[in-house]
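Participant: I would like to see how this sequence folds:
(chains A and B)
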Protein chains: 2
Amino acid sequence: MLAVLAPAQATAAAATVPSPTEIVTAAPAGDWADIAASDLLVLDLAPDRDGKPRRVVIQLMPPPFSQGWVDNIRKLAAAHWWDGLSVNRVQDNYVVQWGDANGDDKAKARMLPPGLADVPQSQYSTGGDVTGGLPAELRFAAMLIPRPDVQRFSTFTRGWPVSGEGMPDSAEYWPIHCYGMVGVGRNLPPDTGTGAELYTVIGHAPRHLDRNIALVGRVVAGIEHLSSLPRGTGPLGFYEKAEERVPIRAVRLASDLPEGEQPRLQYLSTESASFARYADARANRRDPFFIVPAGGADICNIPVPIRKKP
Amino acid sequence: MLAVLAPAQATAAAATVPSPTEIVTAAPAGDWADIAASDLLVLDLAPDRDGKPRRVVIQLMPPPFSQGWVDNIRKLAAAHWWDGLSVNRVQDNYVVQWGDANGDDKAKARMLPPGLADVPQSQYSTGGDVTGGLPAELRFAAMLIPRPDVQRFSTFTRGWPVSGEGMPDSAEYWPIHCYGMVGVGRNLPPDTGTGAELYTVIGHAPRHLDRNIALVGRVVAGIEHLSSLPRGTGPLGFYEKAEERVPIRAVRLASDLPEGEQPRLQYLSTESASFARYADARANRRDPFFIVPAGGADICNIPVPIRKKP
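Facilitator: Numbering: from 1, shown residues only, chains lettered A, B, ... in the order given. A predicted model of the protein is given here:
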């Protein structure tokens, strides 16, 4: 009995029906875009119980989205604010959160660096056509309860999944929560958070958080160091004991690391022909393992391919 | 700075706008349905490094879905087939898989018990209206790329998320992959698997697997013992070294355990008024943390509530 969920034999028929991975592998160099070291945040956790290093790399979100919080995060990293803080919350099928475990206690909370902006809720979305006229086949209906009164859709722009509402050229757009996206913890509204408290999604996309919390980036390497952490047993998945917390050694912009240590990563341009083929193949699997193509995909099931720069 | 993603203070305004959790907590006893011990599969992994027990409880899927494989699984459990086998694959944002690590090697593979059915692909779905006339507000459009030629939707029936295609009373229905759903590993089609090789979803719902693999149940307790396992570093997330595998002590139907050890669980009836309110609240968060209700939810973001029987 061959007991695998996806077959090794798929390669045999690949010449006729390429899988999503094969489309990505075959994409020409020009379809890949470099991620600047100044847009990568490198989060080093303390080594695990076996002494293995745990490095997580986060790509910060580009304009026009969330730049108030992204600027704060650059300042926090420059101030070494997270060094010695910890991962404090791991809630199954939801989020991993890190920051100051004493943040709720003014007497013990670590002082934030000066100059952080108080970003308004209006920055949760942005007006105008940010998609640069993407082809219609890359627009996805965003909601699973259809609302005839609202024209809402999801799409990709410059490497990121977004939703929009309205007509494409006059729509409001916002980044959306998918697996691995990084957002800003906050208090009750109108608070929007500074960026000092961050989380990443480790479960099914929590669509209800979109436009309710700032999204500032996504994990592009090492998510397994967060997603496989023991789940917290307190309310909301917070660790109940201080010794359960996972210490953060340092968080730095990659451009502040020695050149040899800087991750060199690329994403598959969402404006490329390869990405359009990849998205179609994700939505309609035709490689030999599959019988019935789905005829559609949730936008979070079309993760933007990331690779090490060859 | 209060640094939480969801506020403790939400309780204050609960009298006016209950959260999904508050709706579930307030549901009357009659809205909860018992899960029979004979429909629960108890998977005991070896204790973790600290000696803590790791018990996972799986609810088997009821008729009319997937009963050929469910019957096989009952026989496999009765034969103690999984005892001493292992979790062999943990792929981030996808699946955890367990069974016979030597399954691909006929010389080493463990012999299957006699009497397992060879279940046809036609059992991946079922005809007729299985929903018993659910109200329209509990029907969700299932696909994110709308196809005007196909009337496809998702809904709940007797506690389970399903999709359908066609008109409700003449549709084809099938169970769908959500976080925690349990399915049957298989080889290339027309193989459909026996049920000896199982997996559970630990990431964003892989919609492309629906109708392509048998779904036979869902994890109703202890999923954290699977979802927080170290990710495998081999192809498809298989563990590369035998010592990385997680040993299975025993798998039993709960009804075959001593009565005091049998889990007593209930699910919130998806036909109840409480569930309708809960689903609406999940799709339109109005508790004080939220600013903009989503106006919709992916069906996998409306997990069916499970509780210990009070």
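Participant: drop to CA atoms for contacts and neighbour counts, all remaining ones
Facilitator: OK.
Participant: run through the stretch 101-250 of chain A and note the low-pLDDT ranges.
Facilitator: A:128-152, A:167-170 (pLDDT under 70).
Participant: again, 90 this time
Facilitator: Filtered on pLDDT under 90, the stretch 101-250 of chain A yields the residue ranges A:104-106, A:126-158, A:162-173, A:207.
Participant: now the helices for it?
Facilitator: A:224-227 (DSSP state H, counting those that start in this stretch).
Participant: let me see the ranges of the strands in it.
Facilitator: A:126-127, A:140-141, A:152-157, A:160-165, A:172-175, A:181-184, A:198-201, A:215-221, A:246-253 (DSSP state E, counting those that start in this stretch).
Participant: so for chain B, which of the ones you listed sits nearest?
Facilitator: strand A:140-141 (5.1 Å; C-alpha to the nearest C-alpha).
Participant: run through the residues that contact the closest residue to A:Ala273 other than its chain neighbours.
Facilitator: Leaving aside its sequence neighbours, A:Ala273 sits nearest to A:Asp31 (C-alpha to C-alpha, 6 or more residues apart in numbering or on different chains; 7.8 Å). A:Asp31 makes contact with A:Leu268, A:Ser269, A:Ser272, A:Ala273, A:Ser274, according to C-alpha atoms under 8 Å, 6 or more residues apart in numbering or on different chains.
Participant: A:Ile202 now?
Facilitator: A:Asp92, A:Asn93, A:Tyr94, A:Val95, A:Val96, A:Tyr179, A:Gly180, A:Ser227, B:Asn93, B:Gly203.
Participant: same check on A:Asn88?
Facilitator: Counting by C-alpha under 8 Å, 6+ apart, the residues that A:Asn88 touches are A:Val96, A:Gln97, A:Trp98, A:Gly99, A:Ala101, A:Phe238, A:Tyr239, A:Arg245, A:Val246.
Participant: where does A:Ile23 land in three-state SS?
Facilitator: helix (DSSP: H, G, I helix; E, B strand; the rest coil).
Participant: who touches it in this structure?
Facilitator: A:Ile23 neighbours (C-alpha under 8 Å, 6+ apart): A:Ser274, A:Arg277, A:Tyr278.
Participant: what number of residues lie near the closest residue to the first one other than its chain neighbours?
Facilitator: The shortest distance from A:Ser274 to any residue that is not its chain neighbour, by C-alpha to C-alpha, 6+ apart, is 5.7 Å, and that residue is A:Ala27. Residues lying near A:Ala27 (other C-alpha atoms under 10 Å in any protein chain shown) number 18.
Participant: with A:Gly30 instead?
Facilitator: 9.
Participant: that one belongs to a helix, doesn't it?
Facilitator: Yes: looking at A:Gly30 with three-state DSSP, it is inside a helix.
Participant: ok, it to B:Val90 distance?
Facilitator: A:Gly30 is 33 Å from B:Val90, where distance means C-alpha to C-alpha, to the nearest Å.
Participant: give me the pLDDT value at the closest residue to A:Gln123 other than its chain neighbours.
Facilitator: Excluding the flanking residues, the one nearest A:Gln123 by C-alpha to C-alpha, 6+ apart is A:Ser66, at 5.9 Å. Note for A:Ser66: predicted pLDDT of 96.
Participant: for A:Ser66, grab the count of nearby residues.
Facilitator: 25.
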